[in-house]
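Q: Sequence and predicted structure below; questions after.
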Amino acid sequence: MNHQGSCLCGAIHFEVKQDLTTADACHCTQCRKWSGHYLASVDVKRNALNIHNDEQLAWYHSSKKVRRGFCKTCGSSLFFDPLDQQKHDWTSVALGAFDKPTQAKLNLHIFVAEKGDYYELMDGVKQNQR
């Protein structure tokens, strides 16, 4: 399956050439600050992700282990990328950046202990405190 997406202004386009099945929602403080709420994303194999106009893509190294990709023009949060590529052969893509329905299903909430106090999780999806 081929899924396409972009940032808000359209400067960056990407395509994923694999099925998107399970997704997670990260409620950690960094993801909340980076996305403005929490980050719903899906992990895709690195070789299945093709980013177009990547000169418009900026990377913020939010820790020694991970970088976060966003559009230089509009600021859209797009990618969560582990730096140890030998250990992790995936990049996480923000579900909100896809152009059409993905058919992915949220299967896990992570870092729930850090979630904002202004919302409740009542969807019945499994929750991990960390």
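A: Okay, I see it.

Q: Hmm, K105 is touching A23, no?
A: Yes. Between K105 and A23 there is a contact at 6.7 Å, judged by C-beta atoms under 8 Å. Every C-beta, even on glycine, is put in place using the N, C-alpha and C of the backbone.

Q: More neighbours: these two, which one.
A: A23 (19 against 11; other C-beta atoms under 10 Å).

Q: Tell me how far that one lies from N50.
A: Distance of A23 to N50, computed by C-beta to C-beta, to the nearest Å: 20 Å.

Q: what's the answer for G69, then?
A: Distance from G69 to N50, by C-beta to C-beta: 14 Å.

Q: confidence score at the closest residue to A97 other than its chain neighbours?
A: Nearest residue to A97, sequence neighbours excluded (C-beta to C-beta, 6 or more residues apart in numbering): G5, at 4.3 Å. pLDDT for G5: 98.

Q: go on, Q85?
A: 79.

Q: Please apply the same query to the one 3 residues further on.
A: Residue-level confidence at H88 comes out at 89, pLDDT.

Q: Please, where are all the helices along the protein?
A: Applying DSSP state H to the chain gives helices spanning 29-35.

Q: show me what contacts V44?
A: Under the criterion of C-beta atoms under 8 Å, 6 or more residues apart in numbering, the contact list for V44 reads V16, Q18, L20, W90, T91, S92, V93.

Q: how about those in TSV, adding distance to N128 and neighbour count?
A: Shown next, in TSV, are the contacts of V44 (distance: C-beta to C-beta, whole Å; neighbours: other C-beta atoms under 10 Å):
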residue	distance to N128	neighbour count
V16	25	21
Q18	24	14
L20	21	20
W90	18	17
T91	21	24
S92	16	23
V93	20	28
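
Q: Contact partners for H109?
A: By C-beta under 8 Å, 6+ apart, the residues touching H109 are D24, A25, H27, K115, L121, V125, K126, Q127, N128.

Q: returning to what we had before: so which of G69 and N50 has more stuff around it?
A: Taking other C-beta under 10 Å, G69 and N50 do not tie; G69 has more neighbours (23 against 13).
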